[in-house]
Structure formats: structure tokens, C-alpha cells
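Asker: sequence first, predicted coordinates after that:
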Amino acid sequence: MSDGNGWDRFAGLVTGRRSWAVLLVVVAAAMAVMALAGSNDSAGQAPVSLPRSAESAEAAEAAARFPDAGTAAAIMVATRADGGVLTPGDLAATDAALTRAGDHTPVIIAPDGRAALAQIPVSAQLNGFALTDRIGELRVAVTTDLPDTVRVQITGGPAFGADIADSFSGANALLLIVTAIVVMVLLILTYRSPVLWLVPLTVVGLADRVATSVGTLLAELTGLAFDGSTSGITSVLVFGAGTNYALLLVSRYRDELHRHTDHRVALRAAVRHAAPAIVASNVTVVLALLTLLLALLPNTRSLGAFAAAGLVVALVFVLAALPPALALCGRRIFWPFVPRPDGRDAAEQGAWAVVARRVVRRPAVVAGAASAVLIVFATGLATTDIGLSQTEQFRVEAESVDGLEAMAEHFPSGSSDPAVVIARSTTTAQIQTALDGVQGVSRATATGTAENGSTRWSVVLDAAPGSAEAFTTIAAIRTAVGAVPGAEALVGGSDAEALDIRDAARRDQALVIPLILAVVLLVLLALLRAVPAAVLLVGVTVLSALAALGAGSWISGTVFGFPALDTNVPLFGFLFLVALGVDYTIFLVTRAREEAGAHGTTQGMVRAVASTGAVITSAGVVLAAVFCVLGVLPLITLTQLGIVVGIGILLDTFVVRTLVVPALFALLGDRVWWPATPTKDQAAQSPTDESATVG
């Protein structure tokens, strides 16, 4: 059986008179998966970014052997509301607050007398909403009956984890609601129908719920964390890509209704022509996402697995559930603008046909000017800072951040979260000497020994947590203690973890980005069987992605005032922009190859732009809007990702696919299809639409 006959049979299955049975099977399977999966218990957890192979992760494992290993330290910070020196009455109120909180260390008063702090042990086993509840209990306890003159805040590592989990409470539900509303509005504007939008939105919405359930099951099987951030990005991808697939299919269906009197014949032709492009697009993005499994960062691997699974679910629903639903509804689903069999050719008229003709008249000028604009945008990367500190992660107010800032005003910068050094106890004197000699170390104190013969130090840095100075000091500490023979020293703590995450992110970018490009190139070569076209399209897509990253980073800093791009944004942004940008390339160029057999490369591209311009524009606007909805989530990294990808999709839609690609194809002519020829491709296509019958 040829590929064409295979797609024809599939199209007949999902559009025939008994296709309602396929729809029932899909819906029943969806209900079963959702019932089996249950709720996502890790949705409230903070993203897990630290690789197990990192030195700081090894230090955390070594620290687990110490007697107090079952606890982590939350820090209570007390200051006067007026910023003055704490009075004896204020200190008495602080002591009373700590007594209500339970176990705690002695109070330490700042050198300027304007702040006091104490550590409160919290179970290290708590995470997600359980940790949020415990920190919430502490905050209530320390503020109950507190005089108005004293301000008390809970900060430290556990408080940061709790605030992240709390900020995601209800956020994914809000994301889903806002995404659905955005998609609904844009579908109504696209279809100009008060009823048609219900069908694709219902199908894609059900796909999103099933994708979440599949992610929950995958988390149980693989041990990867399906946290709130990963869940949110996966939902955006499922809604965005699923809606794009639906738009492409419905657009082709509407065109075919102008040619056929039987709506099932028209729908069968639409599925047969659109499904290969949709599958190719989906395979490209899924394979690109799966390259993330080779990353060091656990949250990056999690996103690769769960997002890839979600997009496969979206593909199944759009190709197996949407056509039967449309077949049941009939032609009238497009009311009030119901397409009639009038023979209208969408490739010969409309605004996009006018644009395409003007582009191919002066292709060199258009390609040069548009590429120059993209290059200018890409230069924004030259001045981009990458890496947010712990206090810069939130886009919303968080007590843990405010408390840390209050501490930094009155204590050495690193007091809130000291570094940890663990070494063999036989080298205690040498390690202490090495730590005392490191520039940037404010204080190094031995804090305990373990049964395995290890000693632990708490090392307070002069630098602010997460800063470049802190990273420099951590590197210097590692060099110093690493030079002590037989010490087997490990350096950990939050700053060491942040440094290891940054280094792992850089390694992931160097490995994964070339793999993504290789995957996209191979898919295009397999799909188009044209070497120049595949290389050209990958190059243009990369330039567009770099332009979006440059423009997005500039807007992030200049308009929104964010201090830097988060370490995850360059990799995730590049992945989504390249993989999703190729979506539109595939939609456009497969249509261009189809038209080129009868009309030549240049006119075939003009007809392809005219035919797909409206749907690609609609799909691009929908996808860009859906990614911008990530801004409702509380972390700056997700807002930045929404900005970068939103800009990139719009550049792809209005600049790359509309101007650059048609111009370059016009310049190269038939050579762009080497070694294949459009005429041969046309001859190898499946049976004509008119020969299709309804199953």
C-alpha cells in the first residue's frame, strides 16, 4: 500500500458514516486514562534543577549523614516597623514569637542593632503544598499577638520552596481558563462563526486534560517530577499546537467544501491533504523535545518527556476525534458563512495572493531587507545577561524574598544562606586554614561531625546570594579545599547549587541546540527530499529564533525591568521557536511542493502563500497569544519564555513565512527542490479528490 492510499484509507475511516464509532472510542479511552491517572501530586512542587552528578548534590547527600540531617533551617527575621533600633521590648516580643514557633536557635542581633534573626528547624522531607502549610503555620505563630512596632518575616530555603509552591496554587487552573478564553476569542474571529469554534476547542481542551493525566502516569513510571512549571508549559504547548493543527485541518476542509457537494467527501480530501503535514510537524516538535532527555538539568529532562507526550496526545485527538466531530456536524457548522460548492480557488485570490506576487517580483530586495531586520533584532543578545538569583525568581511579592532583603541590610550578605563544606575530619585544621584564606569568605565555622568521619563547616560569604561575586567565591573555595590532600572535600549550599545549575545549563545548551537543529534538518530532508530547501529553511528558522531571543531579552529588561534572562530561557526559547517555527514551514512548503508540479516553483509558492496565508496567520496569532498567557504564572522565567516565544512566532508568521521564504524560493527557482523535482512529486501523489468515496 502506498503512503497516499494509506492516508486515503485513514481519511475514510475518520470521516465516513460510521466515523462516530471512532469518536466514541477516543472519548472512552480519554475517560479511562483520566480515571486511571488521578490527580498530579507533584504539581505544587518547585522545579528540580540540580543534576545529581553536581558537586553540590553530592554535598547534600554527604550532609544527610549528619545527626541533624532530617531538618532544614527556616530563618525568622525581626526588624522594627519604623526601621529603628530594636528595643528590649521588641526583643522580648521576638523571643515570645519564637517560643510560639517551637524549636529554634538562639537569637542573633545584627551589629547595628536594627535586626535580629534565629533559625527554626523544618523537616527536610516536606515539599510542595505540605511545605507551604508548615511555613504558613510558622508565619501565623510568629505574628500572633505581635506588637505593631515589630515586623517578623520567615525566609530561608524552606520558605522559598513554600512560596514557589504557594504561588502555583490555583495558577495552573487560571492558566487553563485564560488560555481557553484566548483560544475561544481568536477562533471566533478566525472562523466568523458563533458555533464552529466549540468543536476544535472542545477537542483540544479534552486533549489537554488527557495530556495532564498522561504526564501524571509518566511521572509515576519514570520518577521525573511533573511540577507546576512543567505542567503549565505542557498545557500551553498542547493548546497552542493542537489549535494550530485544528486550524490547518478546518481551513483545508473549508476550501474543499467549495469543490464538493458532499461534506464528507470534502472532509476526507481535507484530512488526506492536511494530515501528512500535521504529522510531520508533530514529529518534528516531538523529536526536538525528546533531545531534552539528554540534558543534565532534571527539570529540562522532565519538560522534554511530558511535553512530547502531550503533543502526541494532541495529534491523536486532532486527527482521530476532530474529523468525526466535524463529519457529524455537517456543512452548517460554518454558519452563517457556509461554504458552497462554487469552485472558488483560494490560491488565486485574496490579500495574501497580492502580497506573495509582490514579494516574488523583487525577491532579492525583500529577502535582504527582511533578513537585515532579523539580524538587527538578534544583536540584542550581545548585551543580554543570563542568570537570575534566588530573590529575582518571583514576579509576585513573596515574604521569603522580602525577609532576605531585610537580612541583607543588617547582616553580612551571605548570612541568610551559608555555603556548606564537608571534608574528612582528619584534615580539619588544613580545611579551616584553607577556608580562612579565601577572599570573600566572611566566616567559616565547623558545625558538626558525622559517624563516617566527616566534618561540616558553615561558610558565610560577603557576596549577596546568587550573585556573580558569590559564584566566584564558591569557585575559589572549591579550589582551596580541593588542594588539601586526602580531604575529599565537597562544597554545597544554595550558591554552589546555583553555580552548578548555571554550568549544567550551559552544557545543555551546547549539546541540545545542535541536536535540535540536526533533528529538524533530518525531518525536513525526509519530508521534502530537497537538500537546498531543507538547509535554507533551517537557516532562516535559526535566524528568526535568534532575532526573537534578542528582541525578547531587550523587552524583558527595558519594558518589564527584569534584571536578566533566566538560565532556562535561551534553551527552551530556542527549542520552541525552532521546532514550532518549522510547523509553519512544513504547512507552507508542503503546499508549495504540491502546487509546484502544475504551476512551477515561483507560482507554486505564490499559490501556497495565498492558500495558507490566512491559516498560518491565524495559527501564529493563536500560538503567540497562548504563550503570552504564561505571564499569568508567577515565575519570571515563564513570563520571559512567553515574551520570547510570542515575539518569535509573530516574526515567523509575518516576516519569515510571508516574506523571506517566498523570496528565497523565487530566487532559487526549481533548484531549491534538488535532487527531486516537483513534477515527479506531483505524479506520485495519491488519487484525486474527485475519485474519493465516502466510507
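Answerer: Looks like it came in fine. Residues are numbered from 1 along each chain as shown.
Asker: would you agree Ile154 falls within a helix?
Answerer: No: counting by DSSP: H, G, I helix; E, B strand; the rest coil, Ile154 is not found in a helix; it is strand.
Asker: give me the distance between it and Thr234.
Answerer: 32 Å (CB to CB, to the nearest Å). Quick note: C-beta positions are derived from backbone N, CA and C, even for glycine.
Asker: please, where are all the strands along this protein?
Answerer: 71-80, 108-109, 115-123, 150-155, 419-424, 441-449, 454-461, 490-492 (DSSP state E).
Asker: turn these into a markdown table, columns for mean pLDDT.
Answerer: Listed next are those as a markdown table, based on pLDDT from 0 to 100:
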| stretch | mean pLDDT |
| --- | --- |
| strand 71-80 | 90 |
| strand 108-109 | 91 |
| strand 115-123 | 91 |
| strand 150-155 | 93 |
| strand 419-424 | 95 |
| strand 441-449 | 91 |
| strand 454-461 | 93 |
| strand 490-492 | 95 |
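Asker: in CSV, list the ones you listed along with distance to Gly600.
Answerer: Shown next, in CSV, are those (distance: least, CB to CB, whole Å):
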stretch, distance to Gly600
strand 71-80, 69
strand 108-109, 80
strand 115-123, 71
strand 150-155, 68
strand 419-424, 67
strand 441-449, 72
strand 454-461, 68
strand 490-492, 65
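Asker: possible to save those as JSON lines with distance to Leu91 and mean neighbour count?
Answerer: Converted to JSON lines, these look like this (distance: least, CB to CB, whole Å; neighbours: other CB atoms under 10 Å):
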{"stretch": "strand 71-80", "distance to Leu91": "8", "mean neighbour count": "23"}
{"stretch": "strand 108-109", "distance to Leu91": "8", "mean neighbour count": "14"}
{"stretch": "strand 115-123", "distance to Leu91": "7", "mean neighbour count": "21"}
{"stretch": "strand 150-155", "distance to Leu91": "9", "mean neighbour count": "23"}
{"stretch": "strand 419-424", "distance to Leu91": "29", "mean neighbour count": "25"}
{"stretch": "strand 441-449", "distance to Leu91": "23", "mean neighbour count": "16"}
{"stretch": "strand 454-461", "distance to Leu91": "23", "mean neighbour count": "22"}
{"stretch": "strand 490-492", "distance to Leu91": "33", "mean neighbour count": "25"}
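Asker: quick one, which of these is nearest to Asp503?
Answerer: Asp503 lies closest, by CB to CB, to one member of those: strand 490-492, at 13.3 Å.
Asker: and the closest one, which strands flank it?
Answerer: When pairing is defined by DSSP bridges, strand 490-492 lines up against strand 419-424 (antiparallel).
Asker: okay, the angle between the partner strand and strand 454-461?
Answerer: Interaxial angle, strand 419-424 versus strand 454-461 (axes from the mean of the first three to the mean of the last three CA atoms, to 10 degrees): 150 degrees.
Asker: how many neighbours does the closest residue to Gly642 other than its chain neighbours have?
Answerer: The shortest distance from Gly642 to any non-neighbouring residue, by CB to CB, 6 or more residues apart in numbering, is to Leu630 (3.5 Å). Applying other CB atoms under 10 Å, we find 25 residues neighbouring Leu630.
Asker: to Pro634, which of the strands of the chain lies closest?
Answerer: Nearest of these to Pro634, taken as CB to CB: strand 150-155 at 17.2 Å.
Asker: would you mind writing the CA trace of the closest one as PDB?
Answerer: These are the backbone C-alpha positions of strand 150-155, laid out as PDB (Å, rounded to 0.1, in the frame of the first residue of the first chain):
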ATOM      1  CA  VAL A 150       7.800  44.800  65.300                       C
ATOM      2  CA  ARG A 151       7.900  43.200  61.800                       C
ATOM      3  CA  VAL A 152       8.700  39.500  61.700                       C
ATOM      4  CA  GLN A 153       9.300  37.500  58.400                       C
ATOM      5  CA  ILE A 154      10.100  33.900  57.600                       C
ATOM      6  CA  THR A 155      12.700  33.400  55.000                       C
END
